[in-house]
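Peer 1: give the three-dimensional model of this entry:
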Amino acid sequence: MGEKTYIIISPVMGTFYRSTAPGEKFLVEEGQKINISDIVCMIESMKIFTELRSEQSGIVKKILVENEDPVMKNQALIEIEPD
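Peer 2: Prediction:
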């Protein structure tokens, strides 16, 4: 466990979404392998949806926020274990 955990943080205050549309499959699940630039979640702020992409490849270790929860700017959202 010499490597650090990579944390995806919210760039804005808004609402956290795990999928691109209601009823759609979640973008990522805990334990899933992801690659650099994969979309991992969406943040809606003032009717503008922002796709958050991973800047690190690895395994999704923990999703720290529930779907549709309000989030603050700079809040930790997802932990990635780098590969």
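Peer 1: any weak-confidence spans in this protein?
Peer 2: Scanning the chain for pLDDT under 70 picks out the ranges 1-3.
Peer 1: quick one, strands of it?
Peer 2: For the chain, the strands defined by DSSP state E cover 6-9, 14-17, 33-34, 39-45, 48-53, 58-63, 70-71, 76-82.
Peer 1: quickly compare those strands and say which is most buried.
Peer 2: Compared across the strands of the chain, strand 14-17 shows the largest average neighbour count, a mean of 20 (mean count of other CB atoms under 10 Å). Where you see a C-beta, it was placed from the backbone N, CA and C, and this is true even at glycine.
Peer 1: so what are the sheet partners of that strand and their directions?
Peer 2: strand 39-45 (antiparallel), strand 70-71 (antiparallel) (DSSP bridges).
Peer 1: columns distance to residue 24 on top of the strands of the chain, output as JSON lines?
Peer 2: Output for those, formatted as JSON lines (distance: least, CB to CB, whole Å):
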{"stretch": "strand 6-9", "distance to residue 24": "19"}
{"stretch": "strand 14-17", "distance to residue 24": "9"}
{"stretch": "strand 33-34", "distance to residue 24": "17"}
{"stretch": "strand 39-45", "distance to residue 24": "10"}
{"stretch": "strand 48-53", "distance to residue 24": "13"}
{"stretch": "strand 58-63", "distance to residue 24": "16"}
{"stretch": "strand 70-71", "distance to residue 24": "19"}
{"stretch": "strand 76-82", "distance to residue 24": "18"}
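Peer 1: circling back: can you list the strands paired with strand 14-17 in a markdown table and add distance to residue 20?
Peer 2: Shown next, in a markdown table, are these (distance: least, CB to CB, whole Å):
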| stretch | distance to residue 20 |
| --- | --- |
| strand 39-45 | 6 |
| strand 70-71 | 17 |
